[in-house]
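>>> Next come a sequence and a model predicted from it.
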Amino acid sequence: MKAVAISLLCLLIVLCLGGWLTRPKPLSPATEIYTFAGSVEEHLATAEARANGDYGLVDGTEKRVVWAAEPGERSEYVVIYLHGFSATRQELAPVPELVAKELGANLFETRLQGHGRERSPLQGLPAEAWLDDAREALAIGKALGDKLIVLGVSTGATLALTLAEHPDFAAVDTLVFLSPNFGPAAPGSGLATGPYGPQITRLFAGPTHSWEPANELQAKYWTTSYPTTSIIEMMRLVDLANQLLPAARVPNALLVYSPQDDVISVPKALAGFERLTAARKDIHVLEEPDSISPHVFAGDILGPAENSNAVQVIVSFLRGAP
C-alpha cells in the first residue's frame, strides 16, 4: 500500500507540474509608448503595404484615417475603432464613421494583425501582437486629436481595457463598449488558459475552428476558419482585461448590448462593466435588435436597420444627453 501511495503521489506531482508547464503564459499589460516616423498616413501606408505584400489584404480591411476636415488637421475628439476577433473594420461600418462625422472628430479604424488576410489568416499570432496594435491605436489617436473615444466591439472592447495601465490611457475620454467580451458564452471557455489549456482546447475543438458566415460579405470580411490556438490567444486578452478592470479609470463609459447575444457571456459583460471605474456610466439594452446577429447588432453587413439607432445612442451619450 505504501508503494501504491508513493506512486500515486508521484503521478499527482507529474500531472500538476505538467499542467503548470503547459498553461499559456499570462499576458502582461501594454505599457510601452508606441512611436512611428513620419505622418500618420505615411506610417499606415507603409505598414499596410508590407502586410499586403506578405499576406495579401482583403480590399477594404486596411487600417485607415478619416479626417473630419482637412487631412492633417487635428480635432478635439478622436474616435478610435477596435474591431472584434476574426472580424475587420467592415464589421460595424459605417457606424464609427457616422459617429465621428456627428462629432466633427477624426477617425482611426485599425486592422488587428492576422485579420483581413487573404493568406494564412490568424496564423501564428500571439496576443502580444494585438497589444501592439492597441498601443499603435493610442499613439495614432493622440496624433489626430486631444480627447480619445475608444469604440470597441466584442474583443475590441477587451483589447481597449488591456491598455488600462498604459501612460497614454489618460487621454481616453470615453469607452464605448458594444457587446464586450469579458468572457465567451461557450461553457468551459476559461479552460483554454488554464492547466493543459492548449491540449484541452485541441481535444474539444480540433486543430481548426470553422463557422458558416451569414452572407457573402461576412464571408469576405471575417475570418471564418482559423487555428484553435487563436482562441487561446483571444482568451489571454480576456484574462488580462478582467485582471485590469479595477484599474481602468475613464471619465465616461457606455455599454450597449443585447440580452439575446449568444457569442459573449452577457452576465460577465454586465459584471465587468460594473467593475469599471467611470465618473459617468450608462447601459443601453437592445432587447430584440433588427439584425442578423444580436452580437454584432449594427453595420451594413449584419444589421443595417440598426445603424441609425446605434449612432443615435452613442452620440447622445457622448454629448451628455440623458
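Looks like it came in fine. Residues are numbered from 1 along each chain as shown.

>>> What strand or helix carries residue 269?
Using DSSP states H and E, residue 269 sits within helix 266-275.

>>> and that helix, what other elements does it pack with?
With contacts taken as 3 or more C-beta pairs under 8 Å, 6 or more residues apart in numbering; DSSP states H and E, helix 266-275 sits against strand 249-257, strand 277-285. C-beta coordinates here come from the backbone N, C-alpha and C atoms, glycine included.

>>> Return the most buried member of the ones you listed.
The highest mean neighbour count among these, using mean count of other C-beta atoms under 10 Å, belongs to strand 249-257: a mean of 20.

>>> ok, residues contacting that one?
Contact with strand 249-257 is made by 164, 172-180, 264, 266, 269-270, 273, 276-286, 310, 313-314, 317-318, as judged by C-beta atoms under 8 Å, 6 or more residues apart in numbering.

>>> Check the gap between the residue sitting nearest the centre point of the chain and residue 146 for me.
By C-alpha atoms, centre = their mean, the chain has its centre lying nearest to residue 156, at 1.7 Å. To residue 146, residue 156 is 22 Å away according to C-beta to C-beta, to the nearest Å.

>>> Also residue 157?
22 Å.

>>> count of neighbours near the nearest residue to residue 76 once chain neighbours are set aside?
With sequence-adjacent residues excluded and distances taken as C-beta to C-beta, 6 or more residues apart in numbering, residue 76 is closest to residue 146, at 5.6 Å. Neighbour count of residue 146, defined by other C-beta atoms under 10 Å: 13.

>>> Now do the same for residue 146: helix, strand or coil?
Under DSSP: H, G, I helix; E, B strand; the rest coil, residue 146 falls in the strand class.

>>> Surely it touches residue 170?
No: Residue 146 lies out of contact with residue 170 (C-beta atoms under 8 Å); the separation is 11.5 Å.

>>> Would you map the helices across the stretch 201-322 of the chain?
Secondary structure of the stretch 201-322 of the chain by DSSP state H, counting those that start in this stretch: the helices cover 216-221, 229-244, 266-275, 307-318.

>>> Does the second one pack against any helices or strands, and if so which?
The helices and strands touching helix 229-244, judged by 3+ C-beta pairs under 8 Å, 6+ apart, are helix 127-144, helix 155-161, helix 197-205.

>>> can you rerun that using 10 Å?
Applying 3 or more C-beta pairs under 10 Å, 6 or more residues apart in numbering; DSSP states H and E, one finds that helix 229-244 makes contact with helix 127-144, helix 155-161, helix 197-205, strand 208-210, helix 266-275.

>>> can you pull the buried residues of that helix?
For helix 229-244, a neighbour-count test (16 or more other C-beta atoms under 10 Å) marks 229-242, 244 as buried.

>>> Report the contact partners of residue 142.
By C-beta atoms under 10 Å, 6 or more residues apart in numbering, the contact set of residue 142 is 33, 34, 74, 78, 80, 148, 168, 171.

>>> hmm, back to that, tell me the pLDDT at the residue nearest to residue 76?
pLDDT, residue 146: 96.

>>> now do residue 104
With respect to pLDDT, residue 104 scores 98.

>>> so what's it closest to, chain neighbours aside?
Nearest one to residue 104, counting by C-beta to C-beta, 6+ apart, is residue 68 at 5.1 Å.

>>> per-residue pLDDT, that neighbour?
Looking at residue 68, its pLDDT stands at 97.

>>> Work out for me the element it sits within.
Applying DSSP H and E, one finds residue 68 in no helix or strand.

>>> Please report the number of neighbouring residues for it.
Burial of residue 68 is recorded as 20 neighbouring residues (other C-beta under 10 Å).

>>> thought it was touching residue 101?
Yes: using C-beta atoms under 10 Å, residue 68 makes contact with residue 101 at a distance of 7.4 Å.

>>> what's the overlap in contacts for those two?
Common neighbours of residue 68 and residue 101 (C-beta under 10 Å, 6+ apart) are 79, 107.

>>> quick one: the residue nearest to residue 104 from residue 214, how far?
Distance check for residue 68 against residue 214: by C-beta to C-beta, it reads 32 Å.

>>> so who does residue 175 touch?
Residue 175 neighbours (C-beta under 10 Å, 6+ apart): 148-152, 157, 160-161, 248, 250-255, 273, 276, 278, 281.

>>> The helices and strands packed on helix 266-275: which one's closest to residue 198?
Closest of the helices and strands packed on helix 266-275 to residue 198 is strand 249-257, at 30.3 Å (criterion: C-beta to C-beta).
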